[in-house]
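Participant: need the 3D shape of this:
(2 chains)
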Amino acid sequence: MPTKIEKDAVTGTDTTGHEWDGIKELNTPLPKWWLYTFYATILWALGYFVLYPAWPGLSGHTAGVLGWTMRGEISESLAQAAAAQAPFVNRIGAASLEDIAKSTDLRNFAIAGGRSVFAVNCAPCHGAGAAGSKGFPNLVDDNWIWGGTLDDIHTTIQNGIRNSNPDSRIAQMPRFGADKILDAKQIDDVAEYVLSLSRRSRNAAAVERGAVVFSENCEACHLQGGVGNPEMGAPSLAANIWLYGGDKATLVETITNSRAGAMPAWSERLDAARIKMLTVYVHALGGGK
Amino acid sequence: MRWAAANETARGAKDVTKMDGGVAQGPAHTPEIDSAVSIKTQKAAMPLYASRIKVHPKNVSGIYRNIKWAMLAACLAVYYIAPWLRWDRGSFAPNQAILIDLPGRRAYFFFLEIWPQEVYFLTGILVLAAFGLFLATALFGRIWCGYACPQTVWTDLFMLVERWIEGDRNARIRLDAAPASLGKFAKRTAKHASWIVLSLATGGACILFFGDAPTLLAELFTGRASASEYFFVGLFATTTYVLAGFAREQVCTYMCPWPRFQSAMLDDRSYVVTYEDWRGEPRGRLAKRPDGSDPFVGRGDCVDCNACVATCPTGIDIRDGQQLECIGCGLCIDACNAVMDKVGRPRSLIRFDTLDNQRARAEGGKPVHRLIRARTVLYAVLLVIVGSIMLVGVVLRSTVELTVQRDRNPLFVRLVDGSVRNAYTVHVLNKTHAQRDYTLTLEDLPGARLSMVGGDGAADRLVLSAKPDQVASYRVFVTLPDGASTKHESTHIEFKLRAADGRDQAERETVFIAPPQ
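Facilitator: Got it, this is the predicted structure:
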């Protein structure tokens, strides 16, 4: 309890009346502006409690009369963004792929939109720069397994490869070794022949033998000279661009056990306009035909 | 203890003033003026963090007051007229002479158009302004503070309104002291209403520099302007109302950093407001002598009428000498000259003069005016150098720029035919107000071919077009045929961009990466 409030001689200020071991405290109250600002923040907080989510409970929190949520705010801004993009997206939905690629405006929008769709959906396999990796094709070069025209790319994205979609692109290379179609010697020879297609073989005799095996077993799909057939999803063997690796051991493994990479049918997950934008983007990466 | 001593001295000084006032009689003596004691003297009697003592500056007339009115009119005219000036830039750019177009990322100043990456022009303008201020201060003291600073201009304007409505100094003091009445309420309401209108006009004019003035003004009045526009009108109106209506001299004394370091630009040969204490002291009330002799014999010219204090917008006493609070407006000079005329003593007891000259005058010497000194020459030379750099920069400002970003993922691509390709994102900045075609060529990589998305195939040059006042982006491929190998993995190359009419060009260096052979 304050005992004796007295006026301090030096400063002319009242003391609080407390005394500790002879030390007396001057009564210098908080500045008014500070105090009123403090009261104002209390009022503000009370208003906030009522209007916004504030108090945590055991199974949730008070919602606030405004019904505001962070999630609601973001869906609102997403809806706004979608509305702002709508004119372009609608035009892209209505235009043919060729028209999109020809029109500077639509192409730029499609490439920008396609880039973000690619980053979310395609980059995990094909890489952020679309350069692919072992088993996942490089989309930047001009070597295409299923064709590199706008329509080819569109079909591939839409229906995917070796998946459960009825329209999926399907191609199955026989397991020449595992199913005993070719023996080990033949596989070795044909691998040597495939090496020679990109001028990397040093065994002319094996190449000669392999050529015979190739024409009997492989040419139906990979065509004469191994140039590949996008119609059938048969990659070019002459371009020295390899999906699984082009050294002899990998070639032997591929011929023995076959390969069967898969890709989802994106029509099941993306809308038509986005698939078109993605198509134009992939085509414009540089390898489009 | 030091403060207590100062308090004692100040109280003593005050008492003496009062006693003098009691016995003194003279032509300049009126009870109201008598009560004018400098704020400094009153503050000295108070502890630290004393609340503000209201300053009631008295109106005055004279040469400096006229200069101040003229500057007020000129500054306000510039502020309110500038956004309405037009400048024809063709149909692809706004025609407002001075415009900071934030959404469009452009700043326009008559013939000059600044893109965001050219913000160094703004830096240059600020550096010029700083050196200009240094030079002006070294020559003439705080003329910026006294005449041209927005704080001074708007405070002066608000005081003018205050004077029209509530009357001059004495009337205002009486009104402050008067009990609440309908008349007082009406005057106060009229004053604050006028201030608010002025504040809104200030805030409103401010945002006109950031948008098309006629459109924006119409939008502001019809409620169609954006929330951010109203916010900034409100913000600047509030700051005007508070700073010019209430804070006033406190802004100069406590808030503004400039008075704190302006003394670095001043020396003893700078012109500042000085009081000729050698002539004025000892001061005293003017009293008729019984024998009818000259009342000024044996005393100073200062009749201690306090007119200089009463008229000071910052409430100081210039006779205390040079002080931080003095904004150098010279209104005390006008006030003192009027009194000197009345009592028949020479003018300029308070005058714009150098400290050196004051010393010389005190000793009966001749004043020396030296505007050209090492300090002023240095500031002037810096001003000229920066100005020249700016001028050269503006004259040689290119109308086209080229930026090149190379793809880093992947670094290069090998194509079916064995050639190696790098991809680049090329930005063409067309700073002219016309659609332009540019030719892009490549140097330092023999045999390379250029192609681009949306283009017609490989060639040794590409034609890129850019819309007026826009940045055009292209994805450009550089393909090096199989066999035309590079010496190193990374080869320095240079893109060259030439306007189709051949006048403007831009270059940009980058690298071409090919796998090791």
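Participant: assumed B:Thr274 was part of a helix.
Facilitator: No - applying DSSP: H, G, I helix; E, B strand; the rest coil, one finds B:Thr274 to be strand, outside a helix.
Participant: that one reaches B:Ser348, doesn't it?
Facilitator: No - between B:Thr274 and B:Ser348 there is no contact under Cβ atoms under 8 Å: 9.6 Å. Where you see a C-beta, it was placed from the backbone N, CA and C, and this is true even at glycine.
Participant: who has more neighbours out of these two?
Facilitator: Using other Cβ atoms under 10 Å in any protein chain shown, the more surrounded residue of B:Thr274 and B:Ser348 is B:Thr274, with 22 against 15.
Participant: tell me the domain ranges of the chain?
Facilitator: You didn't say which chain, so I picked chain A. Chain A is divided into the following domains under automatic domain parsing: A:82-163+A:271-283, A:184-257.
Participant: try again with chain B
Facilitator: B:2-54+B:262-362, B:63-261, B:400-513.
Participant: list the buried residues in the helix or strand harbouring B:Arg359.
Facilitator: Assigned by DSSP states H and E, B:Arg359 belongs to helix B:355-362. Neighbour counts over helix B:355-362 (16 or more other Cβ atoms under 10 Å in any protein chain shown) mark B:355-358, B:361 as buried.
Participant: ok, the residues you listed vs chain A, which is closest?
Facilitator: Of all those, chain A sits closest to B:Leu355, with 38.4 Å by Cβ to the nearest Cβ.
Participant: before we move on, back to that, just how off-centre is whichever helix or strand comes after the helix holding B:Arg359 within its chain?
Facilitator: Counting by DSSP H and E, the next helix or strand C-terminal to helix B:355-362 is helix B:374-395. Relative to the chain's own centre, helix B:374-395 is displaced by 19 Å; criterion: Cα atoms, centre = their mean, to the nearest Å.
Participant: what helices or strands is helix B:374-395 leaning on?
Facilitator: helix B:120-140 (3 or more Cβ pairs under 8 Å, 6 or more residues apart in numbering or on different chains; DSSP states H and E).
Participant: so which of the domains of chain A comes closest to chain B?
Facilitator: domain A:82-163+A:271-283 (2.9 Å).
Participant: for chain B, which segments count as strands?
Facilitator: Counting by DSSP state E, chain B has these strands, from start to end: B:98-101, B:106-109, B:112-114, B:272-275, B:350-353, B:400-406, B:413-414, B:420-430, B:436-443, B:449-452, B:461-466, B:470-480, B:490-499, B:505-513.
Participant: up against chain B, what does chain A have?
Facilitator: For chain A, the residues in contact with chain B (Cβ under 8 Å from any Cβ of the partner chain) are A:10-11, A:101-102, A:104, A:107-108, A:111, A:127-129, A:131, A:138, A:140-143, A:236, A:239-241, A:284-287.
Participant: which stretches in the stretch 51-200 of chain A count as helices?
Facilitator: With DSSP state H, counting those that start in this stretch as the criterion, the stretch 51-200 of chain A has helices at A:70-94, A:97-102, A:104-121, A:123-126, A:150-159, A:184-197.
Participant: quick check: which of the domains of chain B is nearest to chain A?
Facilitator: In terms of Cβ to the nearest Cβ, the element of the domains of chain B nearest to chain A is domain B:400-513, at 2.9 Å.
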